[in-house]
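J.: Here is a sequence together with a model predicted from it:
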Amino acid sequence: MSSSVVQPDPEESDSVMESEDDFIVKAKGFSYDVSATDLSQFFAGCDIKGGKSKGIHFIYTRSGKSNEAYIEFLEKDDLKRALEFHKKYLGDRYVDVSSVTKEMMDTALAENDSGADTEETQFIVKLSGMPFSALNEEVAIFFAGCDIKGGKRKGIDFLRNAEGAAAGSCYVEFLTAEDLKLALSKDKQYMGSRFCHVARSTDEEREFTLNKQNEVLENMSEPIIKLKGLPFKASDNDIKNFFPDLDIVSVEMVLNEQGNCRGEAFIEFGTLDEAKEAMKTYKLRLLHRFVDVTKSNRAEWMKMIPSTEKITKTAEDLEEPILKIDNLPLKVSKSEIEDFLFGIECRAIQIVRLPRGDCNGEAFVEFSNLDDAAKALKKNKQPLNAESSRGNIVQLVPSSRCDWRKAPLDKPKARARSRSPSQGTARKRPLTMDHSSSSDRHGPHPRVAAPVGYPSYSAYNQSYTDRGREYLINMVGLPFSATEDDIKQFFHPLRMSAVEFLRNNKGLPRGIAVVGFYSEEDRSNAMLRNKNTIGTRYINLHVRSEPRHYDFDFAKGSGRDHKNDSFGSNRSGGYRDSRSAHSRY
């Protein structure tokens, strides 16, 4: 009689690892936002020991909840049934399910940052995609009907980027699970013009993100910060009151052409620790605006305010008794400048004028001595007419005879002269900066006599001609309503030799202008303004290598040696104005 040997069931031997009372599986691979409720529904038909609140243990890392969990079951049959869910999908991801021992689970939970399940005690969400200008009130309105723990002032933590500006995200903690459920239902709803994402988070994730953010914000090399969004009427005292408990060394606001605040300012603190303390503020209210606090450095400070060092010069720093006045009105007269400098003897005043006769906003003043120039320098950033509230805030900076002589010459309006068609050899006079009597066939240029001690203007003009050609830039994308003053403000404080707007054959603006500069350095500095805006349009700048062409034949409509050129004549053979077509555009 033969006896048969019964082989043990392999599944049975695998399921009972060391103790017949422990039936544990490890689930891995689900998405990070899966909750204990989701896992209990995934293992439908299996009895979890202690329920989902005590029988499911998530693994947490430093960055938050991971995609691993240990689940304890009541009986062996529950364990077998749970293993059948291996490689089944939970949402859009499949889950690896394997049997483990209690010792393996205890070891993993011992190394866990937060082994206890916190789903039922933490009601935190992360809101992302909101407008950068959003504040506590906007977030509270977005989550209307939800009770925020600590109120809208303490229960909302905003996130910031590496420079300290708003990142468009925040963490919000609620009181109850019902509030959390209602908050999650607002996912992909609009806040203003942007729709926002709402996702569940944990306290560990929030603390890790905020700590990392603080480390980045405190990584400063210089005790300098920048304020953005200031009211235009803000003063230095308003900014100092912004940080009443901190030692502020200096404050400088970025000013516009009118001398008013442009909405930005730089602050230097006494120590680096005080600057780090200031960086902790987020959108504090100043007057009627909320202000952003961002990191900065001295290089950015000097780039935004390039004339700071000149303005702060004293009498000891002045080399010549000459000052340049900026931001003058168009219709300013010499008598107004004399009234502005009342009590100071002016040796000579020269107003720099546009071709149409108006002031271009600049003037040069020579004084009798350096002491008078230093006394006038104290009037910097004062209104030209103190009796009028609309008077321009003028700026006085040290200058020199060389800068004075580089200023554009005043040109009288030329008399209109008719040309006969028979004058086929007549050439339009090239535009040049040479105004000397030797090269101007119309005689010497009528200009105010040079101040005492200056060399003759003919000598200056000759020296300018020896320096060579103009340095040109094409401006493309201009508004059709752009004027020469807009171009001057766009390139301020760089000086231009001439500005010409191109027009089509109907005489309408093309949105293109050719701008000349006196040196290659000025042109290089001007190219740094590429993609800056005039009004609502951004401007493309291109270096122009071709010179200005005006030597075409008025009768034939084409210039010499320009048979294939794009300017000079239209398709019908008629004359087209040179200023509308001398560009390669």
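T.: In hand now; what should we look at? Everything quoted here is computed from the prediction, not taken from an experiment.
J.: Now do the strands in the stretch 151-300 of the chain.
T.: Secondary structure of the stretch 151-300 of the chain (DSSP state E, counting those that start in this stretch): strands at 156-160, 166-173, 190-191, 194-195, 197-201, 224-228, 248-255, 261-269, 284-286, 289-295.
J.: Quick check: end-to-end length of stretch 278-297?
T.: Start-to-end span of stretch 278-297 (C-alpha to C-alpha, to the nearest Å) is 15 Å.
J.: How about residues contacting it?
T.: Where contact means C-beta atoms under 8 Å, 6 or more residues apart in numbering, the residues beyond stretch 278-297 that reach it are 133, 135, 158, 160, 162-166, 214, 217-218, 220-222, 224-231, 233-234, 238-239, 242-243, 246, 266-267, 269. Where C-beta positions appear, they are placed from N, C-alpha and C, glycine not excepted.
J.: average pLDDT for it?
T.: Stretch 278-297 carries an average pLDDT of 81.
J.: Also stretch 256-274?
T.: Rounded mean pLDDT across stretch 256-274 is 80.
J.: Next: stretch 326-335.
T.: The average pLDDT for stretch 326-335 rounds to 86.
J.: CA atoms of that stretch as PDB?
T.: In PDB, the C-alpha atoms belonging to stretch 326-335 read as follows (Å, rounded to 0.1, in the frame of the first residue of the first chain):
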ATOM      1  CA  ASP A 326      17.100 118.500 -17.500                       C
ATOM      2  CA  ASN A 327      13.300 118.100 -17.600                       C
ATOM      3  CA  LEU A 328      12.500 121.700 -18.700                       C
ATOM      4  CA  PRO A 329       9.100 122.500 -20.300                       C
ATOM      5  CA  LEU A 330       8.900 122.900 -24.100                       C
ATOM      6  CA  LYS A 331       8.100 126.700 -23.900                       C
ATOM      7  CA  VAL A 332      10.800 127.600 -21.400                       C
ATOM      8  CA  SER A 333      12.600 130.900 -21.700                       C
ATOM      9  CA  LYS A 334      15.900 132.200 -20.500                       C
ATOM     10  CA  SER A 335      14.200 134.600 -18.100                       C
END
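J.: closest one to Glu336 among the strands of the stretch 151-300 of the chain?
T.: Proximity to Glu336 (C-beta to C-beta) singles out strand 248-255 among the strands of the stretch 151-300 of the chain, at 21.7 Å.
J.: quick check: angle from the closest one to strand 224-228?
T.: Counting by axes from the mean of the first three to the mean of the last three C-alpha atoms, to 10 degrees, strand 248-255 points 40 degrees away from the direction of strand 224-228.
J.: Setting aside sequence neighbours, what's the nearest residue to Leu396?
T.: Counting by C-beta to C-beta, 6 or more residues apart in numbering, Leu396 lies nearest to Asn380, which is 4.5 Å off, once chain neighbours are set aside.
J.: do Glu520 as well
T.: Tyr471 is the one closest to Glu520 (C-beta to C-beta, 6+ apart), at 5.5 Å.
J.: The one you found reaches Ser519, doesn't it?
T.: Yes: between Tyr471 and Ser519 there is a contact at 6.4 Å, judged by C-beta atoms under 8 Å.
J.: so what does the longest helix anywhere in the chain touch, helix or strand wise?
T.: Scanning the chain for the longest helix, with DSSP state H as the assignment, gives helix 203-217. Secondary-structure packing of helix 203-217 (3 or more C-beta pairs under 8 Å, 6 or more residues apart in numbering; DSSP states H and E): strand 64-73, strand 124-128, strand 156-160, strand 166-173.
J.: ok, 6 Å please
T.: Other helices and strands packing on helix 203-217, by 3 or more C-beta pairs under 6 Å, 6 or more residues apart in numbering; DSSP states H and E, are absent; none qualifies.
J.: how far out from the middle of the chain is it?
T.: Once both centres are worked out by C-alpha atoms, centre = their mean, to the nearest Å, helix 203-217 turns out to sit 25 Å from its chain's centre.
J.: Where does the prediction get shaky in the stretch 51-200 of the chain?
T.: 62-64, 113-121 (pLDDT under 70).
J.: 50 instead, please
T.: Flagging of the stretch 51-200 of the chain using pLDDT under 50 yields the residue ranges 114-117.
J.: Same question for the stretch 301-450 of the chain.
T.: By pLDDT under 50, the low-scoring segments of the stretch 301-450 of the chain are 307-313, 389-390, 411-416, 418-450.
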